[in-house]
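[1] Structure for this input, please:
(2 chains)
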Amino acid sequence: MKYLTELKKDQTAEISKIEGGSSVHRKMELLGVRPGLKIKRENSNTLHGPVVISVGQSFNHVAIGYGMAQKIMVKI
Amino acid sequence: MKIFLVGNPNVGKSVLFSRLTGLDVMVCNYSGSTVEFCKGEVKFWEHKSELIDIPGLYSLRPANKAEEVAADILKDFKDGDILINVIDAINLERNLFLTLELLEKKIPTIIVLNRWDLTKSHGIEINYSKLIQKLGVPVLPVVGVSGEGIKELVETMDKCLHNPFLSNTNIPEHKEDKWKLIGEIVSQCQKLYHHHPTLLEKLQELSITMPYAIFIAAGVLIGSFVIVRTIGESLVNYVLDPLFSKIYLPNLQALINVIGLPAWLNSLLMGAKPEPMAAFGLLTTGLYVPFVILLPYIFAFYLILSFIEDSGYLVRIAIVMDKVLHKIGLHGYASIPVLLGLGCKVPAIMSTRILESKKERIIALALILLLFPCIPQTVMVYSVLTKYGVTVVVSVFAFVFLLGLGVSFALNKFLKGETPELFVEVPIYQIPRFKQLAKKVFIRLKEFIMETVPLIIVGIALVSILDMIGVIKIIANVLGPIVTGLLGLPKELSIVMISGFLRKDVSIALLIPFDLTLKQMVIASVFLIMYLPCIATFFIMVKEFSAKTAVKVSVLTLLFSIIVGSALNLIL
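    Numbering: from 1, shown residues only, chains lettered A, B, ... in the order given. Model prediction:
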């Protein structure tokens, strides 16, 4: 298990757990970010900026602020 | 009878809306570009019905103010109305959540798979007849921007109005089960193929990958600035100014000499001095300022802004700016309203709706109002100060910018509340279509000519008339102590300040006849950029925030700019 922020560019993983309250969950869910889904990291990790990932079986690219990305656990 | 267009943000609802109604609406390539709903009329066969374009939403349980507006409109739904649920064909999975929520309401619904043309280039194959089976409502592939599939959509709308069909699919109540059902539907109806990344996709990657992203962002901003300046300046110097000074003005003068006007009317229409900027006549300065000085830059600015909006780059700027904006209590998405504020404060303030918390919206408002003047005012300040050299121009804008930054920094410390994290979908890059771009620039220029130009002319007329009947002297004597004592400016400038509430660009133009010293010019420019929002901005603040906020903001900025102006007067 790793945090989303630890993923390298182009690495794929599966979301295993999202920490944080229900409002965080809901927000993520609506953009299609939820446990069980396959994701791919689309950018590298310089300067602790937002993490960009592509989610699921489509072209859903999502940018997630660094602090929020630290709440997402993934398994590779 | 009403038809509602509903869907996730940035799926192309507004494009469909203008296709179906023939009305011009703003279309952009980022989430939340429609913050207010649009209404239009569609006529097909014997039907005449109202089409309502609802701001994008991800779920019927709203998450921000723009989504609240959307969810509220849907409450007006009556028997006989129909819904068109617009889905982004290359983003089926995420879009289906809202679809299931809509189907659950048992409302007659037609589903449109928009951007169908992109599925092929992205290696996606959707079996839409299977989707029809699964969802139990009509599903139509459509390409909004080219009009492909619109005819079939209209036919289906007709059928639906005669014989509304409801979905008989069983929609599970819990959201986990909804997502499970979506997973099933997607895996049965959609296949993905490997495809080679296109050039645009490679650019997409670079523009969010450090350090390239920073270079690209800097390049885009500097490039835009250079292009706007080049287009604007060339149009002024080589086309519009010669037209005005060599053709229009001499002929007008000749005509007036033939007719012969009474002195008062002559000075109202033609003004007091021969130079078009300093004359202050309705037919000289009144037309020169809006059409020769402002129009070229406004055209150039909106051409570039519309291009960037349509390309999908704005969201990448938001990603690059996220880290920096966190220092002043905002997240990256706030850079969109702030950048719009370079053009006009009114749409910029409206777009603060895409921000969630009150704290963010207030800080964004401060940035919009204080960081830089709107484009007409920027152009006026630039054209007034440019004779003193580049350093002066740059210092004035940099000073105002830093002050604005300082204020938002203080606001962030002072206001309570957390800064939410950036969380936003990233649209794919698209090469803007010429027709759409031209339409957008046209809408914005039309707005400028219809709404702004009359105000500029009224502003100039008002000043001339007040001057003629002696009111300016009275006002100058009343406000004189503040203007002269604190700011070190001639007391006659108080009228400039009052007219600035009407149009801020006019107030800058009004400085020209006064023969100010460099120091006075700098103080006056800084003061006039900051001191009050213009009347249109004031009313949009009342609407988007509250009357109390609008008054509070205006009083505070006025006091603040008097302090800043007095300080400059002491230091310089």
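
[2] next one: the longest strand along chain A to chain centre, how far?
    The longest strand of chain A (DSSP state E) is strand A:12-18. Strand A:12-18 has its C-alpha centroid displaced from the chain centroid by 7 Å (Cα atoms, centre = their mean, to the nearest Å).

[3] so for the host helix or strand of B:Gln253, what's the average pLDDT?
    In this structure, B:Gln253 is located in helix B:249-259 according to DSSP states H and E. For helix B:249-259, the mean pLDDT works out to 89.

[4] packing partners for the helix or strand just after that helix?
    Counting by DSSP H and E, the element after helix B:249-259 in chain order, helix or strand, is helix B:263-270. Packing partners of helix B:263-270 (3 or more Cβ pairs under 8 Å, 6 or more residues apart in numbering or on different chains; DSSP states H and E): helix B:249-259, helix B:453-468. Yep, even glycine has a C-beta here, placed from its N, CA and C like the rest.

[5] now with 10 Å?
    helix B:249-259, helix B:285-287, helix B:453-468 (3 or more Cβ pairs under 10 Å, 6 or more residues apart in numbering or on different chains; DSSP states H and E).

[6] Could you export those as CSV, including distance to chain A?
    Listed next are these as CSV, based on distance: least, Cβ to the nearest Cβ, whole Å:
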stretch, distance to chain A
helix B:249-259, 53
helix B:285-287, 46
helix B:453-468, 39
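
[7] Please identify the deepest-packed of those.
    Scoring these by mean neighbour count under mean count of other Cβ atoms under 10 Å in any protein chain shown gives helix B:285-287 as the most buried, with a mean of 25.

[8] How far does it sit from its chain's centre?
    The answer for helix B:285-287 is 26 Å, by Cα atoms, centre = their mean.

[9] Now do it, average pLDDT.
    For helix B:285-287, the per-residue pLDDT averages 84.

[10] what's the answer for stretch B:371-385, then?
    Rounded mean pLDDT across stretch B:371-385 is 89.

[11] quick one: the residue in the stretch 101-250 of chain B that chain A sits nearest to from B:Leu261, how far?
    Closest to chain A within the stretch 101-250 of chain B is B:Met210: 3.5 Å, counting by Cβ to the nearest Cβ. According to Cβ to Cβ, to the nearest Å, B:Met210 stands 66 Å off from B:Leu261.

[12] tell me which parts of the stretch 101-250 of chain B are close to chain A?
    The stretch 101-250 of chain B comes close to chain A at residues B:118-119, B:122-124, B:175-176, B:178-180, B:182-183, B:186-187, B:190-192, B:201, B:204-214, as judged by Cβ under 10 Å from any Cβ of the partner chain.

[13] quick one: least confident helix or strand in chain B?
    Across the helices and strands of chain B, mean pLDDT, DSSP states H and E gives its lowest value to helix B:65-74, namely a mean of 72.

[14] ok, now chain A?
    helix A:22-30 (a mean of 78).

[15] ok, and does that helix reach over to chain B?
    Yes. If you take Cβ under 10 Å from any Cβ as the test, helix A:22-30 does meet chain B, through A:Ser23, A:Val24, A:His25, A:Arg26, A:Lys27, A:Met28, A:Glu29, A:Leu30.

[16] Make a markdown table from those and add neighbour count to it.
    Below are these laid out as a markdown table (neighbours: other Cβ atoms under 10 Å in any protein chain shown):
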| residue | neighbour count |
| --- | --- |
| A:Ser23 | 10 |
| A:Val24 | 17 |
| A:His25 | 17 |
| A:Arg26 | 14 |
| A:Lys27 | 20 |
| A:Met28 | 22 |
| A:Glu29 | 21 |
| A:Leu30 | 22 |
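
[17] residue farthest from the centroid of chain A?
    In chain A, counting by Cα atoms, centre = their mean, A:Leu47 sits farthest out from the average C-alpha position, at 17.2 Å.

[18] I'd say it and B:Ile319 touch.
    No. Counting by Cβ atoms under 10 Å, A:Leu47 sits too far from B:Ile319 to count as a contact (11.4 Å).

[19] Spit out the residues that contact the two alike.
    Counting by Cβ atoms under 10 Å, 6 or more residues apart in numbering or on different chains, the contacts common to A:Leu47 and B:Ile319 are B:Ala213.

[20] neighbours around B:Ser408, how many?
    By other Cβ atoms under 10 Å in any protein chain shown, the residues close to B:Ser408 number 24.

[21] Excluding sequence neighbours, find me the nearest residue to the residue of chain A found nearest chain B.
    As assessed by Cβ to the nearest Cβ, chain B sits closest to A:Gly65 within chain A, at 3.0 Å. Spatially, and ignoring its direct neighbours in sequence, A:Gly65 is nearest to B:Glu421 (3.0 Å; Cβ to Cβ, 6 or more residues apart in numbering or on different chains).

[22] can you tell me which residues contact the one you found?
    Taking Cβ under 10 Å, 6+ apart, one finds A:24, A:27, A:50, A:63-71, B:322, B:326, B:331-332 in contact with B:Glu421.

[23] Among those, which lie within strands?
    Counting by DSSP E, the part of the contacts of B:Glu421 found in strands is A:Ala63, A:Ile64.

[24] Tell me the one of the contacts of B:Glu421 nearest B:Gly149?
    Within the contacts of B:Glu421, the smallest distance to B:Gly149 is 30.8 Å, found for A:Ala63 (Cβ to Cβ).
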